[in-house]
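S.K.: How does the following fold in three dimensions:
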Amino acid sequence: MNRTVYQRGINNAKWGIWNAKERCFQFNICEDTPMLAEARLFQKIGDDARKWKFEIKMLPKEKHRGETYFIPTNPVPLTTIYGKD
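M.R.: So this is what the prediction gives:
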């Protein structure tokens with residue numbers, strides 16, 4: 001990865017933290033640039049972020065945070081949650 005991609009990212013791409021040992025994305029990190037993803041990892045776990053198993057990788061489209069919304073098919077009425085006034 002060259003410096004420009006590291007600092008500025010790629011259009012319409014999000015970056016996350018890949019655990020090479022567990023083979024999955026971890027920590028629910030979704031940032032615009034690899035540099036920001038690494039900084040967020042250091043904020044979350046501190047110096048343990050330097051371990052060999054953590055890599056910065058581009059997220060697949062379905063893992064992008066904030067672009068998909070959950071809409072319940074059968075919403076619960078508020079009266080069942082809060083009771084009647």
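S.K.: From here on, just use CA atoms for contacts and neighbour counts.
M.R.: Noted.
S.K.: quick one: strands adjacent to the strand or helix carrying Gly16?
M.R.: Per DSSP states H and E: Gly16 is located in strand 15-19. Strand pairing for strand 15-19, determined by DSSP bridges: strand 24-31 (antiparallel), strand 54-58 (antiparallel).
S.K.: Please, which helix or strand holds Ala13?
M.R.: In the assignment (DSSP H and E), Ala13 maps to no helix and no strand.
S.K.: Could you point out the longest helix of this structure?
M.R.: Using DSSP state H to assign secondary structure, the helix with the most residues in the chain is helix 34-45.
S.K.: Go ahead and measure how far it is from the middle of the chain.
M.R.: Centroid separation between helix 34-45 and its chain, computed with CA atoms, centre = their mean, to the nearest Å, is 11 Å.
S.K.: Roughly how far does Met58 sit from Glu38?
M.R.: Distance, Met58 to Glu38, using CA to CA, to the nearest Å: 12 Å.
S.K.: Look at the closest residue to Arg40 other than its chain neighbours and say how many residues are nearby.
M.R.: Nearest in space to Arg40, with sequence neighbours left out and distances taken as CA to CA, 6 or more residues apart in numbering, is Ile29 at 7.2 Å. Neighbour count for Ile29, taken as other CA atoms under 10 Å: 21.
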